[in-house]
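Trainee: Got a predicted structure plus its sequence, pasted below:
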Amino acid sequence: MKNKIRVYRSMHKVSQQDLADKLQVSRQTINAIENDKYSPSLELALKMTQLFDCKVEDLFEL
């Protein structure tokens, strides 16, 4: 599953560590998701969309 997390992080000027802290996961988890090595749970994906104020479809592509 492709994602645009890196793009949205950049737009919101949020580091991987800042995002990880807000989502209560490790920075390595954010890195793995951005590099398509890990697919986030639905709960985690929805938390990301709330933080970035976007739709799931905007953040993730099948």
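Mentor: Sure, I can see it. Numbering: from 1, shown residues only.
Trainee: The lowest-mean-pLDDT helix or strand in the chain - contacts with which helices or strands?
Mentor: Ranked by mean pLDDT, DSSP states H and E, the weakest helix or strand in the chain is strand 60-61, scoring a mean of 90. On a contact count with 3 or more C-beta pairs under 8 Å, 6 or more residues apart in numbering; DSSP states H and E, strand 60-61 meets strand 2-3. To be clear about C-beta, it is placed using only N, CA and C from the backbone, and glycine gets the same treatment.
Trainee: Name the next helix or strand downstream of the strand it packs on, please.
Mentor: helix 5-11 (DSSP states H and E).
Trainee: Buried by neighbour count: which residues of that next one qualify?
Mentor: For helix 5-11, the neighbour count (16 or more other C-beta atoms under 10 Å) marks 5, 8-9 as buried.
Trainee: Which one of those is nearest to Lys22?
Mentor: Taking C-beta to C-beta as the measure, Lys22 lies nearest Arg9 of these, at 10.9 Å.
Trainee: what sits against Gln47?
Mentor: Not quite, residue 47 is Lys, not Gln. Shown in contact with Lys47 (C-beta atoms under 8 Å, 6 or more residues apart in numbering): Leu23.
Trainee: Which helix or strand contains it?
Mentor: helix 42-52.
Trainee: Centre of the chain to that helix, how far?
Mentor: Relative to the chain's own centre, helix 42-52 is displaced by 7 Å; criterion: C-alpha atoms, centre = their mean, to the nearest Å.
Trainee: Next, the buried residues of it.
Mentor: 44-45, 47-49, 52.
Trainee: average model confidence for that helix?
Mentor: Mean pLDDT, computed over helix 42-52, is 97.
Trainee: next one: stretch 21-28
Mentor: Rounded mean pLDDT across stretch 21-28 is 98.
Trainee: Can you get me the start-to-end distance on it?
Mentor: 11 Å (C-alpha to C-alpha, to the nearest Å).
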